[in-house]
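Trainee: the sequence and its predicted three-dimensional model are supplied below.
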Amino acid sequence: PELSEEPPAEMVKMTKSKTFQAYLPNCHRTYSCIHCRAHLANHDELISKAMQFYFFLMQSFQGSQGRAYLFNSVVNVGCGPAEERVLLTGLHAVADIYCENCKTTLGWKYEHAFESSQKYKEGKFIIELAHMIKDNGWE
């Protein structure tokens with residue numbers, strides 16, 4: 001039998017892998033994954049310094065590996081399933097977040113706060129400082 005250079009059409013599977021990675025503008029100060037340098041957040045998404053001071057007085061954001069920052073939104077992160085955890089500030093439903101590029105666990109997303117004083121955290125993200133590096137425009 002004669003050999004064909006191409007397999008029959010019914011045996012060809014066309015797969016196209018896509019990389020979904022957001023790049024934040026170079027003109028803004030950003031935070032990146034310390035492990036792979038994927039962009040994580042724009043500095044403007046960090047809860048304001050005034051609020052940080054207030055939170056510091058009331059509570060210090062702590063991750064499992066030390067200090068952490070609270071962000072309104074992040075990019076290039078995946079989210080695990082939500083689970084209830086008792087944190088320093090009470091019971092919350094949180095989902096671990098991880099870098100989409102290198103799969104390192106970075107912190108968590110607040111899905112639900114059970115105490116009314118903690119409702120401001122819902123939908124926001126904690127990233128531990130141990131997993132972030134400052135990029136673009138920091139002096």
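Mentor: Received it, and whenever you're ready, just let me know what you need.

Trainee: assumed residue 24 was part of a helix.
Mentor: No. Counting by DSSP: H, G, I helix; E, B strand; the rest coil, residue 24 falls outside a helix, being coil.

Trainee: I figured it hits residue 39, correct?
Mentor: Yes. Under the criterion of Cβ atoms under 8 Å, residue 24 makes contact with residue 39 at 4.5 Å. Where C-beta positions appear, they are placed from N, C-alpha and C, glycine not excepted.

Trainee: give me the common contacts of the two.
Mentor: When contacts are counted by Cβ atoms under 8 Å, 6 or more residues apart in numbering, the set common to residue 24 and residue 39 consists of 30, 75.

Trainee: any low-confidence regions in the chain?
Mentor: Of all residues in the chain, those with pLDDT under 70 make up the ranges 1-21, 25-27, 48-66, 137-139.

Trainee: where exactly do the strands run in it?
Mentor: Using DSSP state E, the strands assigned to the chain run over residues 30-33, 39-42, 62-63, 66-71, 77-87, 90-99, 105-113, 125-128, 132-135.

Trainee: any chance of those in TSV, with mean neighbour count and distance to residue 119 too?
Mentor: TSV is the format used below for the strands of the chain (neighbours: other Cβ atoms under 10 Å; distance: least, Cβ to Cβ, whole Å):
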stretch	mean neighbour count	distance to residue 119
strand 30-33	23	25
strand 39-42	23	22
strand 62-63	16	20
strand 66-71	18	14
strand 77-87	14	14
strand 90-99	18	10
strand 105-113	21	5
strand 125-128	22	16
strand 132-135	16	26
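
Trainee: the nearest residue to residue 90 once chain neighbours are set aside: neighbour count?
Mentor: Spatially, and ignoring its direct neighbours in sequence, residue 90 is nearest to residue 115 (4.8 Å; Cβ to Cβ, 6 or more residues apart in numbering). The local packing count at residue 115 equals 11, with neighbours defined by other Cβ atoms under 10 Å.
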